[in-house]
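Asker: Quick check, what structure comes out for this input:
(chains A and B)
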Amino acid sequence: MDKIIVTINGTKVSGSEGMTILDAARENGIDIPTLCYRLELSPIGACRICVVEVESSRTLVGSCHTPITQGMVIHTHSPKVIETRKAIVELLLASHPDSCLVCDKANLCELRMIAADLEVGLPRFRLQKNYYPIEDVSPYIVRDLSKCVLCRRCVRACSEIAEQNVFGIAYRGFDSKVVVDFDQPIDQNVCQDCNVCIPFCPTGALSKPGRIGKEKEGKPLIITG
Amino acid sequence: MGKSKENLLILLQEAQNKSGYLSQELMVELAKSLNVSLSDVYGVATFYSFLSAKPQARNVIRICKSVPCYLKNSQMIIETVGNKIGIKPGETTPDDKFSFQLTNCIGACDKAPAMMINHEVYGDLNPNKIAKILKSYL
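Answerer: Residues are numbered from 1 along each chain as shown, chains lettered A, B, ... in the order given. Model prediction:
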């Protein structure tokens, strides 16, 4: 099979057919941040954090789902890319509750990690946040959808790994939400103790019940910038 | 109609046209027969503003909430209609005459601000015009 030669940040690298820009970059030690992407799951390009600049492309492209093509010229950390990535993270944070201080996941939160890495600084956007009641009727899983960033990792983990299809996305725009059946709180009738989706959640939206009083895991993540 | 899941949207649309809304029983049956999850059926049903998971009144008023109508003061239209029939968007009048919804673009940007009542499009709206139009549905 023919090698595909692409240029990443000025260096020519070779890849094979079917590789994405992200695959090629990671193989060559270039770190592109990702949020909705996970190796075990199909790439869907939902969060846009992995965007890169491709010369002759009108828009930035999601690197996790865009295949490399012969002669592609890619910039993974150009000023335009960094600025866009920061803005995307800021927008994700804008509709995320400011409850990191009391969130068990705060020090392990991937959204917070990316925000700290990109040094997005203090909030610029003030949005009406969507607050949902915490769903804690199931003995196996607690859902706090106010913290959900709609990365769809739980949706894909449930359907692709657990092969259960418990979750779906309902409503539209700002009202979009990961739902169970007819938007019912998740209970033990629809979801058994498989524990596949919980580790996939990048934020504190999904957790195991009964952590009250335990010490927070991980080291504090400080967002500077 | 085939039983493959690509037909989900068409089947939902047919059911919507036939009974005016999508009942939970219908969605359960559809999910079973197409072998898709209930949450996926509900997801599609709630994504489109012309599909409804709640029973609708005899007349459904839909006001466009997209940008061109917004720039032509659709807010005023929304308020006028709301005041005239006494309900807010998303609600139905107690006498079951009107359901009131905000919808995405209805393709009448050239006549913005625009609304639809059932299958009829009304454009270039102002409070006087709205009063006349609503009267014809009473």
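Asker: residue contacts, residue B:85?
Answerer: B:61, B:93, B:97-98, B:100, B:134 (C-beta atoms under 8 Å, 6 or more residues apart in numbering or on different chains). All C-beta spots, glycine's among them, are computed from the backbone N, C-alpha and C.
Asker: then stretch B:27-34 to CSV, C-alphas only?
Answerer: Presented in CSV, the C-alpha positions along stretch B:27-34 are these (Å, rounded to 0.1, in the frame of the first residue of the first chain):
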residue,chain,number,x,y,z
MET,B,27,-42.7,5.4,20.0
VAL,B,28,-42.2,2.1,22.0
GLU,B,29,-43.8,0.1,19.2
LEU,B,30,-41.6,1.9,16.6
ALA,B,31,-38.4,1.4,18.6
LYS,B,32,-39.2,-2.3,18.8
SER,B,33,-40.1,-2.8,15.1
LEU,B,34,-37.1,-0.9,13.8
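Asker: And for residue A:60, the neighbour number?
Answerer: By other C-beta atoms under 10 Å in any protein chain shown, 19 other residues sit near residue A:60.
Asker: hang on, the earlier thing: between the contacts of residue B:85, which sits nearest chain A?
Answerer: Set against chain A, the nearest of the contacts of residue B:85 by C-beta to the nearest C-beta is residue B:100 (17.2 Å).
Asker: who in chain B is up against chain A?
Answerer: Selection of chain B residues close to chain A by C-beta under 8 Å from any C-beta of the partner chain yields B:24, B:27, B:36-40, B:42-43, B:46-47, B:49, B:53, B:104.
Asker: Sticking with whatever residue of chain B ends up closest to chain A, tell me its helix or strand.
Answerer: In chain B, the residue that lies nearest chain A is residue B:39 (2.9 Å; C-beta to the nearest C-beta). In this structure, residue B:39 sits in helix B:38-47 according to DSSP states H and E.
Asker: Can you spell out the domain ranges of chain A, please?
Answerer: By the assignment in automatic domain parsing, chain A contains the domains A:1-123, A:130-209.
Asker: rewinding a little: show me the contacts for the residue of chain B closest to chain A.
Answerer: So residue B:39 contacts A:165-168, A:170, A:179-181 (C-beta under 8 Å, 6+ apart).
Asker: Let me have these in a markdown table, adding pLDDT and neighbour count as columns.
Answerer: As requested, the contacts of residue B:39 are exported to a markdown table (pLDDT from 0 to 100; neighbours: other C-beta atoms under 10 Å in any protein chain shown):
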| residue | pLDDT | neighbour count |
| --- | --- | --- |
| A:165 | 92 | 17 |
| A:166 | 95 | 23 |
| A:167 | 97 | 26 |
| A:168 | 96 | 25 |
| A:170 | 97 | 24 |
| A:179 | 97 | 23 |
| A:180 | 96 | 24 |
| A:181 | 94 | 23 |
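Asker: Where strands are concerned, which of those residues count?
Answerer: Mapping the contacts of residue B:39 onto strands (DSSP state E) picks out A:167-168, A:170, A:179-180.
Asker: circling back to that earlier point, can you show me the CA trace of the helix holding residue B:39 as PDB?
Answerer: Taking Å, rounded to 0.1, in the frame of the first residue of the first chain, the C-alpha atoms of helix B:38-47 are listed here in PDB:
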ATOM      1  CA  LEU B  38     -36.300   4.200  22.800                       C
ATOM      2  CA  SER B  39     -34.000   7.000  23.700                       C
ATOM      3  CA  ASP B  40     -33.000   7.300  20.000                       C
ATOM      4  CA  VAL B  41     -36.600   7.500  18.900                       C
ATOM      5  CA  TYR B  42     -37.300  10.100  21.500                       C
ATOM      6  CA  GLY B  43     -34.200  11.900  20.500                       C
ATOM      7  CA  VAL B  44     -35.400  12.300  16.900                       C
ATOM      8  CA  ALA B  45     -38.900  13.100  18.000                       C
ATOM      9  CA  THR B  46     -37.800  16.000  20.200                       C
ATOM     10  CA  PHE B  47     -35.100  17.300  17.800                       C
END
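Asker: follow-up on the earlier one: drop anything exposed from the contacts of residue B:85.
Answerer: Listed as buried from the contacts of residue B:85 are B:61, B:98, B:100, B:134; burial here means 16 or more other C-beta atoms under 10 Å in any protein chain shown.
Asker: Next one: the spatially most central residue of chain B relative to residue A:74, how far apart?
Answerer: Centroid-nearest residue in chain B, with C-alpha atoms, centre = their mean: residue B:50, separated by 4.4 Å. Remark: distance between residue B:50 and residue A:74 (C-beta to C-beta, to the nearest Å) = 41 Å.
Asker: sorry, back to before: filter the contacts of residue B:39 to keep only those in contact with chain B.
Answerer: A:165-168, A:170, A:179-181.
Asker: which among these gets closest to chain B?
Answerer: residue A:168 (2.9 Å).
Asker: Spatially, which residue comes closest to the closest one, not counting chain neighbours?
Answerer: residue B:39 (2.9 Å; C-beta to C-beta, 6 or more residues apart in numbering or on different chains).
Asker: what's near enough to touch the residue of chain B positioned farthest from its centre?
Answerer: Distance from the C-alpha centroid of chain B, by C-alpha atoms, centre = their mean, peaks at residue B:35 (27.2 Å). With contact set as C-beta under 8 Å, 6+ apart, residue B:35 has these partners: residue B:5.
Asker: Roughly how far does it sit from residue B:97?
Answerer: Counting by C-beta to C-beta, the gap from residue B:35 to residue B:97 is 40 Å.
Asker: Tell me where the chain has helices.
Answerer: Answering for chain A, as no chain was given. A:21-27, A:79-94, A:110-118, A:153-156 (DSSP state H).
Asker: looking at chain B here, not the other one
Answerer: According to DSSP H, the helices that chain B contains are B:8-19, B:24-34, B:38-47, B:67-71, B:74-85, B:127-135.
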